[in-house]
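Undergrad: quick one, what's the 3D model for this:
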Amino acid sequence: MSEGDPMRLMLFGAPACPAWRAAIRGAGFALREAPDLPALRQALREHPQRVCGVLLDLREVDDPAVLRALGAELAQPRIRGLCVQGGAAGQLDELAELSLRYCIDTLRDPVCEDVLKLSLDSLQRRLRLLEQVGGEPAAPRAGAAGELVGASAVMQRLGAQLERVAATDAAVLITGETGVGKEMVARAIHRLSARRDKPFVAINCGAVPPHLLQSELFGHEKGAFTGAGQRRIGRIEAADGGTLLLDEIGDLPLDAQVGLLRFLQEGQIERLGGHSPIAVDLRILSATHVDLLQAQRAARFRTDLYHRLCVIELQVPALRERGDDVLLLAQYALQRYRGEARHPIGGFDEGARNALLAHEWPGNIRELINRVRRAIVLCESGRIGVADLGLEGVEGRAAPARGGLDAALGRATSDAIHAALERNGHVVARAARDLGVSRATLYRMMERHGMAGAQPRHDAGDEAPR
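TA: Take a look at the predicted model:
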């Protein structure tokens, strides 16, 4: 497919309204409408080698068999989906499975046009990336090992950042609370990068005893120290050509920081007890829940090493900041560990879903997975309840910072605009290109969301708002 050849977008469901057609054309898609399953199957089989997207309008779909059949169609590695759901469309479990595994985003009816444009733009970028890697699964969405799960605005923004970061070899510092999935982010960066066919090696800098850390990182020669009965390759050398994740880098002792800094400056290591430098080519990712700026002030972390490791910083949001993603993640955990159940479990009852949304999740995704696994074992009925999750009394609390659908869509749009302005130095023309809208449209969106005081800048080609 040539660079100018538009990506195909299949629309499943009701005919597109004029606003949807305009958004689809504006995102650079060639639209093909498929009102039912046979038409969708026919359209997908006409060009079996081409990458394409599918916009699923599920507002009128309430047949779980149809949802399962759609999942089977979208399971092809060259296809990515975007899902629009009504308030009570379909069956909860089938919908969760479909959106979790095969769609990069899920929009709620009524669909905000600005959010639809942003989602279509994200779908276009991911399809282009998929095309570049030959149809291999690339989007950090479906929930397989090493993939991210989430449809919230913050996770969609993180996904877009991953795509940009993966295209470079710059060092990335991944920050976030314990249990948010920092290693999953690192694996997604590796999987999306040009080094994806080479090793991904991780070392937890806080879990290795300090006296063994140098050997773990750099390796050693036979006889280098008592107990070194044979040569051993270190983690850095094992990652040659690929990606090295330095997890919990904030716990790295100062003497090991010196050796790591020397490697980052020279691109060479020496095994303990060795005398010949060994050139190593790899990408460095690091992760920490520690505030490294504070650690520098306390003389626990070297400033020069920090600047080597933090060319780009990615912050992984806490689970409590991800809204309804908790339901997607709970469903994913149920699917993954369903085999541990004593009898079939159909899903979560209403009380359990309310409790999942209301809980603060201090342990983040790690806590969520543990609670779901506990519930799978303890559940005595066909659906998981509040008591199975150990969240009694939580379901009555108000879910934090929800504010209804309109408020959630408004926050998502506002967050996307803020992020685009920050990425582009608050130059409106560049931010508008980044978002895939005109400058006039971006100004109107900023006015609508009360951002007139954001002090945008104008570059030479930036017109005044019309």
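Undergrad: next, Arg371: secondary structure please.
TA: What DSSP: H, G, I helix; E, B strand; the rest coil gives for Arg371 is helix.
Undergrad: who touches it in this structure?
TA: Residues in contact with Arg371 (Cβ atoms under 8 Å, 6 or more residues apart in numbering) are 389-391. For the C-beta atoms, the positions are set from N, CA and C on the backbone; glycine is no exception.
Undergrad: just Ala287 next, same as before
TA: With contacts defined as Cβ under 8 Å, 6+ apart, the neighbours of Ala287 are 173-176, 182-183, 185-186, 245-249.
Undergrad: please name the bridge partners of it.
TA: Beta-bridge pairing of Ala287 under DSSP bridges involves Ile174.
Undergrad: quick one: the helices in the stretch 1-150 of the chain?
TA: Using DSSP state H, counting those that start in this stretch, the helices of the stretch 1-150 of the chain run over 18-26, 37-46, 64-74, 92-102, 113-132.
Undergrad: cross the contacts of Ala287 against helices and list the overlap.
TA: Under the assignment DSSP state H, those contribute 182-183, 185-186 to helices.
Undergrad: related to what we said a few turns ago, now the contacts of Arg371: which count as buried?
TA: 389, 391 (16 or more other Cβ atoms under 10 Å).
Undergrad: with pLDDT and secondary structure added, can I get the contacts of Arg371 in JSON lines?
TA: As requested, those are exported to JSON lines (pLDDT from 0 to 100; DSSP: H, G, I helix; E, B strand; the rest coil):
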{"residue": "Leu389", "pLDDT": "94", "secondary structure": "helix"}
{"residue": "Gly390", "pLDDT": "93", "secondary structure": "coil"}
{"residue": "Leu391", "pLDDT": "90", "secondary structure": "coil"}
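Undergrad: just to revisit the earlier point, list just the nearest of the contacts of Ala287 to Ala14.
TA: Closest approach between those and Ala14, by Cβ to Cβ: Val185, at 36.7 Å.
Undergrad: all helices of the stretch 201-350 of the chain, in order?
TA: Along the stretch 201-350 of the chain, counting by DSSP H, counting those that start in this stretch, helices occupy 210-218, 235-238, 254-266, 292-297, 303-309, 325-337, 350-358.
Undergrad: could I get these as JSON lines with mean neighbour count, mean pLDDT and distance to Arg164?
TA: Listed next are the helices of the stretch 201-350 of the chain as JSON lines, based on neighbours: other Cβ atoms under 10 Å; pLDDT from 0 to 100; distance: least, Cβ to Cβ, whole Å:
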{"stretch": "helix 210-218", "mean neighbour count": "18", "mean pLDDT": "83", "distance to Arg164": "29"}
{"stretch": "helix 235-238", "mean neighbour count": "20", "mean pLDDT": "90", "distance to Arg164": "26"}
{"stretch": "helix 254-266", "mean neighbour count": "15", "mean pLDDT": "89", "distance to Arg164": "22"}
{"stretch": "helix 292-297", "mean neighbour count": "15", "mean pLDDT": "92", "distance to Arg164": "22"}
{"stretch": "helix 303-309", "mean neighbour count": "17", "mean pLDDT": "94", "distance to Arg164": "18"}
{"stretch": "helix 325-337", "mean neighbour count": "21", "mean pLDDT": "84", "distance to Arg164": "21"}
{"stretch": "helix 350-358", "mean neighbour count": "20", "mean pLDDT": "89", "distance to Arg164": "31"}
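Undergrad: adding distance to Ile278, write those helices out as JSON lines.
TA: Shown next, in JSON lines, are the helices of the stretch 201-350 of the chain (distance: least, Cβ to Cβ, whole Å):
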{"stretch": "helix 210-218", "distance to Ile278": "9"}
{"stretch": "helix 235-238", "distance to Ile278": "6"}
{"stretch": "helix 254-266", "distance to Ile278": "10"}
{"stretch": "helix 292-297", "distance to Ile278": "28"}
{"stretch": "helix 303-309", "distance to Ile278": "19"}
{"stretch": "helix 325-337", "distance to Ile278": "39"}
{"stretch": "helix 350-358", "distance to Ile278": "49"}
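Undergrad: Gly86: which of those is closest?
TA: Nearest to Gly86 among these is helix 325-337; the distance by Cβ to Cβ comes to 16.2 Å.
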